[in-house]
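Colleague: Generate a structure from the sequence data that follows.
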Amino acid sequence: MIVDRLARAFDDRLRLSPLTRRALAKVFPDHWSFMLGEIALYSFVALILTGVYLTLFFDASSADRVYHGSYAPLDGTTTSAAYASTVRLSWDVRAGLLIRQTHHWAAVVFVAAILVHLVRIFFTGAFRKPRELNWLVGVTMLTLALANGFTGYSMPDDLLSGLGLRIIVSVVESIPLVGSWLAALGLGGEFPSDEMIPRMFVTHVLLVPAVLVALVSVHLAMIVRQKHSQFPGPGRTEHNVVGSRLYPSYTLRSLALFLWVLAVLFALGGLVQINPVWLYGPFAPDQSTSPAQPDWYVAWGDGALRLFPPWEFHIAGHLVPAPFFPGVVLGGVTFLALYAWPFLERWCSGDHRPHQLLDRPRDHPVRIGVGVMALTFFGVLVVAAGDDILARLLRVPVYDLLNVLRVLVFVLPVLAGASAFLLARSLRRGDAARLGELTRSDLRAGRRPAPAARAATDEPELPAPDRPGERIELWPEGEVWRWRYRDEPAGVAILSNRVVLTEQEATEAARLAYPGVDHVTVPGPPPPAPPGRVRAAVRRWGNAALGVAVLAGALRQRRASRRGKGGNGPAGRRGGER
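Modeller: Below you'll find the predicted structure:
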């Protein structure tokens, strides 16, 4: 009762009910791949929840502290306050190690979910018009997630993260003219400076999360405004969305996924060790750990630095060090290509039409070939980041393995991209439904040059002239009209969630959603059965009793008002004076 009154009070003042009803009626596709973005969102929520707990115990300072705690090998050792608080958080704070490791695993899953989500969007063409802005927002969130993950990884000031930070500082300093100035501006002095940990802390817990929250809000708002894309299927066109409504089915499914993500992250945090900083020891500029690898999402940069030869040269008297090309140029070109891809593909294909239906990857062999080639290239770089571990496991000299990886980083991407291109073209031209069903004739057809394709135009595609078994059913329902799409062979019946006043409006809405499908007017649902004699008598006498009660109340109120006027008039006042 109290909640209902509060809801009505808010609605009377803010008029939220129309917006709420419209939002709850929004339809989302049911395909599992659309949940990848939600996994990234819920991992971000887990990062915020665990991060708030960690900030209560972490001391973001480079000042000297003497560690006294449960970890005996470091007891009495002078370290930085950041490192001492991290070890104390892991060994002496209740649930501290669980929360810290869960936070780290959530960061790993967060970046992985964003990356896989972007890969799905890339291969299915979901970045095309009108969703180019959403693609740009997603790439920006990936960039910020990488930056925030690295700053969080570096804040404990252990030996492993200190070496990684030293590498990043060297890469920034390799930028000609402005590199040293940028590094000093970011660190507040020369590395290692007293200001670097506080600045990373502010960036990690305040600046980047605030921008990520804003971008997530913009991303969700654009999805609601533009409606969701979907895969082709029965009843799915460029003008509708087939799936589950936001409430209750999709809401329950999304809440279940949220609970599963939290359960998996906390299970990883409690059962799988990650980043044991007490084993690495505090950072010291004159020491290093070997083997030492960063988290996988920045390992491609470390692998590029290991594979690139030590080439240095001068331009206009300024030295261009070796880390500039694998560290700055490679990363810059990669993200510039990601930002530019939707516009580059539109320019190359000449396709300027809006798209609501997604592509099958096989329908665009060039796109899938480029994507597989890029993923293979960065996969080799990630493997190269662990060349010392691989050399020890394979019992081969590390320099021999390094030379092999230098060859593979150029050969494997080309082979993988060409194979993906040929397989996609074979699937598109042949009758095979999946890779396992390809035949030699399909592969030969895929190797032949492509036939001349019809130039893309801005005109919408016309529907097929005959669509057996499909129809639009319209019927009156009281004073309004309803309609639904029915595909009898497929057993599909989709009811429109929009109510219109006339048959003509229903016909136009159905024609817009399903062009070329025949329209049939059918009888509406049967009217409700008339009430029985007992129910009719009870209803009649109840209405009569209600009318009598209302009339009696009105008369009583009128008589009371007359009495009140008589008591307060001149006669009443004179009687009171007597």
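Colleague: Can you list phi and psi of residue 352 for me?
Modeller: Here is the backbone geometry of residue 352 (degrees, to the nearest 10): phi -110, psi 10.
Colleague: who's in contact with residue 269?
Modeller: Contacts for residue 269 (C-beta atoms under 8 Å, 6 or more residues apart in numbering) come out as 98-105. C-beta here means a position set from N, CA and C on the backbone, and glycine is covered the same way.
Colleague: helix, strand or coil for it?
Modeller: Here residue 269 takes the helix state, with states given by DSSP: H, G, I helix; E, B strand; the rest coil.
Colleague: now the contacts of residue 269 in CSV, with neighbour count?
Modeller: Shown next, in CSV, are the contacts of residue 269 (neighbours: other C-beta atoms under 10 Å):
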residue, neighbour count
98, 17
99, 22
100, 24
101, 23
102, 25
103, 21
104, 21
105, 24
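Colleague: Just give me the closest of those to residue 44.
Modeller: Top of the list for closeness to residue 44, among these and by C-beta to C-beta, is residue 103 at 11.7 Å.
Colleague: sorry, back to before: a markdown table please, covering the contacts of residue 269 and showing pLDDT and distance to residue 129.
Modeller: Formatted as a markdown table, those follow (pLDDT from 0 to 100; distance: C-beta to C-beta, whole Å):
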| residue | pLDDT | distance to residue 129 |
| --- | --- | --- |
| 98 | 96 | 46 |
| 99 | 96 | 44 |
| 100 | 96 | 44 |
| 101 | 96 | 43 |
| 102 | 97 | 40 |
| 103 | 96 | 38 |
| 104 | 96 | 39 |
| 105 | 96 | 37 |
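Colleague: Which one of those is nearest to residue 204?
Modeller: When the contacts of residue 269 are compared against residue 204 (criterion: C-beta to C-beta), the nearest one is residue 103, at 11.0 Å.
Colleague: Outside of stretch 160-175 itself, list whatever touches it.
Modeller: Here stretch 160-175 has contacts from 150, 153-155, 179-180, 182-183, 186-187, 191-192, 196, 275, 277, 280, 283-285, 288-289, 292, 294, 298, 301-302, 305, 320-324, 327-328, using C-beta under 8 Å, 6+ apart.
Colleague: Out of the residues you listed, which sit inside strands?
Modeller: residue 320 (DSSP state E).
Colleague: From the contacts of stretch 160-175, list the buried ones, please.
Modeller: Buried subset of these (neighbour count, 16 or more other C-beta atoms under 10 Å): 150, 153-155, 179, 183, 186-187, 191-192, 196, 275, 277, 280, 283, 292, 294, 298, 301-302, 305, 321-324, 327-328.
Colleague: Now, those residues that are in helices?
Modeller: Residues of these located in helices (DSSP state H): 150, 153-154, 179, 183, 186-187, 196, 277, 280, 298, 301-302, 305.
Colleague: Just the closest of those to residue 418, please.
Modeller: residue 301 (26.4 Å).
Colleague: hang on, the closest one packs against residue 326?
Modeller: Yes - Residue 301 is in contact with residue 326 according to C-beta atoms under 8 Å; the separation is 7.5 Å.
Colleague: Please, which helix or strand holds residue 273?
Modeller: Assessed by DSSP states H and E, residue 273 sits outside every helix and strand.
Colleague: Mind checking what secondary structure residue 145 has?
Modeller: helix.
Colleague: got a list of what the nearest residue to it once chain neighbours are set aside touches?
Modeller: In this structure, residue 145 finds its nearest non-sequential neighbour in residue 111, 4.9 Å apart by C-beta to C-beta, 6 or more residues apart in numbering. Each residue near residue 111 by C-beta under 8 Å, 6+ apart is listed here: 142, 145-146, 149, 297.
Colleague: Let's see that with 6 Å instead.
Modeller: Residue 111 is in contact with 145, 149, 297, counting by C-beta atoms under 6 Å, 6 or more residues apart in numbering.
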